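Peer 1: starting from these lines, generate the structure:
(one chain, ligands or ions: 1)
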Amino acid sequence: MTINQKIKKQIVSLLKKQKVSIKIEDLEIPPSAAMGDLALPCFELAKKLKKNPSEVAKELAEKIKPSGAVINVKNSGPYLNFLLDYFKVAELLFKEIQKQKSRYGQNKEGRGQKIMIEYSQPNTHKEFHVGHLRNVCIGSSLVNVYKACGYKVIPANYIGDTGAHVAKTLWYLQNFTNESDLAKIENKGEFLGNAYAQAVKKNSENQNYKQQAQEILKNLEEGDFQLVELWQKTRKWSLEQFERIYQELGVNFDVYFYESEEEKAGKKMLQKLLKYPFIKKSEGAIIADLSKYDLGVLVLLRKDGTALYGLKDIPLAVKKFKNHKVKKSLYVMDIRQSQYLKQVFKILELMGFKKIMIHVPYEFVQLKSGVISSRTGNVVTYNEVKAAALAKVINETRQRHPKWPEKKVNDTAMAIVIAALKFGMLKSSNNKIITFDIDEALDVNGMTGPYLQYTYARLNSIFVKSRKTCLGAKINLDYKNLATNIEKELVSDLLNYPQVILETQKTNDPSALTHYLYKLAQDFNTFYHKLPVIKAAAEVQAARFELLKAIKQVLSNGMELLGLTVLEEM
Ligand code: ARG
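Peer 2: Sure thing, here's the model as predicted:
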C-alpha cells in the first residue's frame, strides 16, 4: 500500500467513527495545499442525510478528532478538508520514493489482466502528418500507464494498406509517373503522400478518373498481377517510413495487423454473416441494417465486390481476442469514428461476440492555417515539422554549448524536439481540438516538454554542484526544516502522484499527467528561485536535498510514462 492510500484509509476510518461510510475514491485533491491536503465533498452525504452540504461538513469538522497523519479537520463550505502532518508525511514519503525509485507511483489495479491497445493505424500510400502524431502519443503513453497499473499490455498497430485511398494513389502512379522517375525519388514515403493529394484533386475534377480508381481497387482485390506488384513495392515504401518514425518516437508494437489481410478474412466470413437477419443484400451491395438500434446502416461490401472498412474490422476484432487471449481491447481512434465503431461493436454483439471493446476517442489537430487534410493538401507532415524544429534546436544547443561534440548536440536536440512534439500532443485533453504550433511546443518557458526537461536538468545540476561543495556532512534529518508553504506544496504534489497515474488510466487521458508534471515543475522552480539549498544551513540543506531527490525521481517517472527523455544537461 502506498503512503497515499494509507493516509486515505486513516481518513476513511476517522469518518467511520462518526458513522459515516465513504470510499477511498471519494477523497479529492483540493486545488491548493493551503486549503487542505485531501477533501471530501459532502454533497452526496447531505442528500442521504437530507441536510445542507455545508452544514454536514461543518458538523463533521467539529466532531472528528484528528489522529495519525491527520492533524486538522476543517470545513470550507460544502467541503470537509483534512490537513496532514506533513513533516511526518514527508518522512514516510521520501523513504518510500527512495525505496521504490522508478516504481514509485505504480499500482496493481490490473494484475492478471491482459489487454490490447490498438493505436497509430496509419494508412499507407498517404502522408504521415502531425495529426497522426496525436494518436501515436496518446496510444504509446497509455501503453506505459496501463503497464504502470499492473496490466499486461499488447500494443498493436493496424496498417491501412488497402482500400480506396491506396487505389487512388496507385491510379495516379500508373497514369502520371513513370518507372524511372520513381526510382530517383529519395523520400519515397513522403512522395506517396503527395501522389495521394494529387490523385484526390484530379479525382474530384473528373468523374472518369474516379471510376478508373474504383476499377483499380477491384482489380487489386481480385489479385491483378501488375497492380499487386506495384502495390507491394509502394506499400513497402510507406512501411519503411513508418518504422523510421516509430524509431524516432521511441514507440514499439508487439503485433501488426494489416487491412489487406482482414479484407480477405472479411470476405471469407461473408456467407456466415449473411445468415444473420440484420445482414442484408441491398442493390447488389451487402449491408448491416442497424436502424433498429438507431445506428443506421453500415455498408460492408460494395456492389462491385470490393470490401469496405467495416468488413475488415469484424474479423480483426475477433482475432484480437482469439489469438491473443486478451480481456479488453482498446481502440485509440479519431472521435469522428465514434458512430462507426458503435456500429462495428453492435454487429459483433449481434453475432454473439460479447467482449469488452472500448473506443478511446480523441479530437483532431489543426494548424493555425486550418484543418489538416491530406485530401485538400493542407498538410504539415511529421517529417517537415520535425526537420524544421530540429534545425532550429541544433543551432540553439550548439550556441549554448560550443564545446559539446557534434553527436551530443544532435542527440540532445532530437530529444528536445521529440519531447516538444509529444507533450504538445498530450497536454490538451483528448476531447479538445488542438491548434498545433511548433514554436509554442518548443518554448522552454511554456507548458511544454522542453520545460520539464529543463527543470529536470536544473535539479540535476544542483546535485552535481553539491557534490563539489557539501561532501561528507552527516546530519540528522529533521523534516521540520521544510517549513515553508512552497515546500509543503511540493510534498503534497509528490504524495498525489500515484493517484494521478490511476486517474490517467481510468480516464484514458494522459493530459491529467501532463498537468500534474507541469505543476510539479512549476512548484519546484518557485522553490528554486526563492529558497537556497547549497547555501542553506546544514540541517535545512539536508532536508531540502531529500525533498529534491524525491522530486527528481517523480519528475523522471512521470516523464518516462509520457515518453519524454530526461536530460542531465540541456
Ligand atoms: N487506418 C485508419 C485511418 O487512418 C484507422 C484505423 C483504425 N482502426 C480500426 N480498427 N478501424 O483512418
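
Peer 1: right, and residue 57 touches residue 77 too?
Peer 2: Yes - if you go by Cβ atoms under 8 Å, residue 57 and residue 77 touch, sitting 7.1 Å apart. For glycine as for every other residue, the C-beta is placed from the backbone atoms N, C-alpha and C.

Peer 1: neighbour count for these two, which is higher?
Peer 2: Using other Cβ atoms under 10 Å, the more surrounded residue of residue 57 and residue 77 is residue 57, with 26 against 12.

Peer 1: mind pulling up the pLDDT for the more buried one?
Peer 2: pLDDT, residue 57: 95.

Peer 1: contact partners for the residue of the chain found nearest the ligand?
Peer 2: Relative to the ligand, the nearest point of the chain is residue 160 (3.2 Å; Cβ to the nearest ligand atom). The contact partners of residue 160, by Cβ atoms under 8 Å, 6 or more residues apart in numbering, come to 121, 122, 123, 124, 126, 166, 259.

Peer 1: again, 6 Å this time
Peer 2: By Cβ atoms under 6 Å, 6 or more residues apart in numbering, the contact list for residue 160 reads 123, 259.

Peer 1: how much space separates it from residue 248?
Peer 2: As for residue 160, its distance to residue 248 is 21 Å (criterion: Cβ to Cβ, to the nearest Å).

Peer 1: report the beta-bridge partners for residue 435.
Peer 2: Residue 435 has these beta-bridge partners by DSSP bridges: residue 366.

Peer 1: heads up, I number from 405, so please use that
Peer 2: Sure, I'll start counting at 405 from here, so that last one is residue 839.

Peer 1: let's see the pLDDT reported for it.
Peer 2: At residue 839, pLDDT is 95.

Peer 1: please apply the same query to residue 783.
Peer 2: Residue 783 carries a pLDDT value of 69.

Peer 1: kindly report the same for residue 472.
Peer 2: pLDDT, residue 472: 84.

Peer 1: so what's it up against?
Peer 2: residue 414.

Peer 1: same question, residue 791
Peer 2: Contacts of residue 791 (Cβ under 6 Å, 6+ apart): none.

Peer 1: that one: what secondary structure?
Peer 2: Taken by DSSP: H, G, I helix; E, B strand; the rest coil, the conformation at residue 791 corresponds to helix.

Peer 1: mind checking how far it is from residue 810?
Peer 2: From residue 791 to residue 810 the distance is 17 Å (Cβ to Cβ).

Peer 1: pull the helix or strand with minimum mean pLDDT from the chain.
Peer 2: Within the chain, no helix or strand scores below strand 774-775, which has a mean of 76 by mean pLDDT, DSSP states H and E.

Peer 1: report pLDDT for the residue lying closest to residue 475 once chain neighbours are set aside.
Peer 2: Once flanking residues are discounted, residue 475 sits nearest to residue 489: 4.5 Å by Cβ to Cβ, 6 or more residues apart in numbering. With respect to pLDDT, residue 489 scores 90.

Peer 1: near the ligand, which residues of the protein show up?
Peer 2: 522, 525, 527, 562, 564, 717, 720, 735, 737 (Cβ under 6 Å from any ligand atom).

Peer 1: one more pass at 8 Å, please.
Peer 2: 522, 525-527, 530, 536, 562-564, 663, 713, 716-717, 720-721, 735, 737-738, 741, 744-745, 748 (Cβ under 8 Å from any ligand atom).

Peer 1: name the element the residue most central in space within the chain belongs to?
Peer 2: The residue lying closest to the centre of the chain (Cα atoms, centre = their mean) is residue 542, at 2.4 Å. Here residue 542, judged by DSSP states H and E, is contained in helix 534-552.

Peer 1: remind me what that helix packs against, helices and strands.
Peer 2: Here helix 534-552 touches strand 556-563, strand 732-738, strand 769-771, helix 786-804, helix 810-830, helix 889-911, helix 942-966, going by 3 or more Cβ pairs under 6 Å, 6 or more residues apart in numbering; DSSP states H and E.

Peer 1: quick one: residues in contact with it.
Peer 2: Counting by Cβ under 6 Å, 6+ apart, helix 534-552 makes contact with 510, 521, 523-524, 526, 557, 559, 655, 736, 766, 769, 776, 784, 786, 789, 826, 829-830, 840, 905, 908-909, 914, 965-967, all of which sit outside it.

Peer 1: can you do 7 Å?
Peer 2: Residues from elsewhere that reach helix 534-552 (Cβ atoms under 7 Å, 6 or more residues apart in numbering): 509-510, 514, 519, 521, 523-524, 526, 557, 559, 653, 655, 736, 766, 768-769, 776, 784, 786, 789, 825-826, 829-830, 834, 838, 840, 905, 908-909, 912, 914, 965-967.

Peer 1: swap in stretch 879-899?
Peer 2: Contacts of stretch 879-899 (Cβ under 7 Å, 6+ apart): 407-408, 437-438, 441, 490-491, 493-495, 497, 501, 923-924, 927-928, 930-931, 934-935, 942-944, 946-947, 950-951, 954-955, 958.

Peer 1: cutoff 8 Å now
Peer 2: Identification of contacts with stretch 879-899 by Cβ under 8 Å, 6+ apart yields 407-408, 411, 436-438, 441, 490-495, 497-498, 501, 920, 923-924, 927-928, 930-931, 934-935, 942-948, 950-951, 954-955, 958.

Peer 1: ok, residue 410 - how many residues close by?
Peer 2: 14.

Peer 1: residues in contact with it?
Peer 2: residue 473.

Peer 1: so where do the strands sit in the stretch 455-604 of the chain?
Peer 2: Taking DSSP state E, counting those that start in this stretch as the test, the strands found in the stretch 455-604 of the chain are 474-480, 483-488, 518-522, 556-563.

Peer 1: any regions of the stretch 805-954 of the chain where pLDDT drops low?
Peer 2: 872-878 (pLDDT under 70).

Peer 1: now the strands of the stretch 455-604 of the chain in a markdown table, with mean neighbour count?
Peer 2: Below are the strands of the stretch 455-604 of the chain laid out as a markdown table (neighbours: other Cβ atoms under 10 Å):
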| stretch | mean neighbour count |
| --- | --- |
| strand 474-480 | 18 |
| strand 483-488 | 23 |
| strand 518-522 | 21 |
| strand 556-563 | 21 |
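
Peer 1: output these as TSV; include the columns distance to residue 849.
Peer 2: What follows is those, written out as TSV (distance: least, Cβ to Cβ, whole Å):
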stretch	distance to residue 849
strand 474-480	33
strand 483-488	32
strand 518-522	34
strand 556-563	34
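
Peer 1: now the one helix or strand residue 410 maps to against strand 474-480, angle please.
Peer 2: Using DSSP H and E, residue 410 sits in helix 407-420. Using axes from the mean of the first three to the mean of the last three Cα atoms, to 10 degrees, one finds that helix 407-420 and strand 474-480 are set 70 degrees apart in direction.

Peer 1: could I get helix 407-420 in PDB with only the CA atoms?
Peer 2: Extracted in PDB, the C-alpha atoms of helix 407-420 (Å, rounded to 0.1, in the frame of the first residue of the first chain):
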ATOM      1  CA  ILE A 407       1.600   6.200   1.800                       C
ATOM      2  CA  ASN A 408      -1.200   7.900  -0.200                       C
ATOM      3  CA  GLN A 409      -3.500   5.000   0.300                       C
ATOM      4  CA  LYS A 410      -2.600   4.500   3.900                       C
ATOM      5  CA  ILE A 411      -3.400   8.100   4.700                       C
ATOM      6  CA  LYS A 412      -6.700   7.900   2.900                       C
ATOM      7  CA  LYS A 413      -7.600   4.700   4.800                       C
ATOM      8  CA  GLN A 414      -6.900   6.600   8.000                       C
ATOM      9  CA  ILE A 415      -9.400   9.300   6.900                       C
ATOM     10  CA  VAL A 416     -12.000   6.700   6.000                       C
ATOM     11  CA  SER A 417     -11.700   5.200   9.500                       C
ATOM     12  CA  LEU A 418     -11.900   8.600  11.100                       C
ATOM     13  CA  LEU A 419     -15.200   9.100   9.400                       C
ATOM     14  CA  LYS A 420     -16.400   5.600  10.200                       C
END
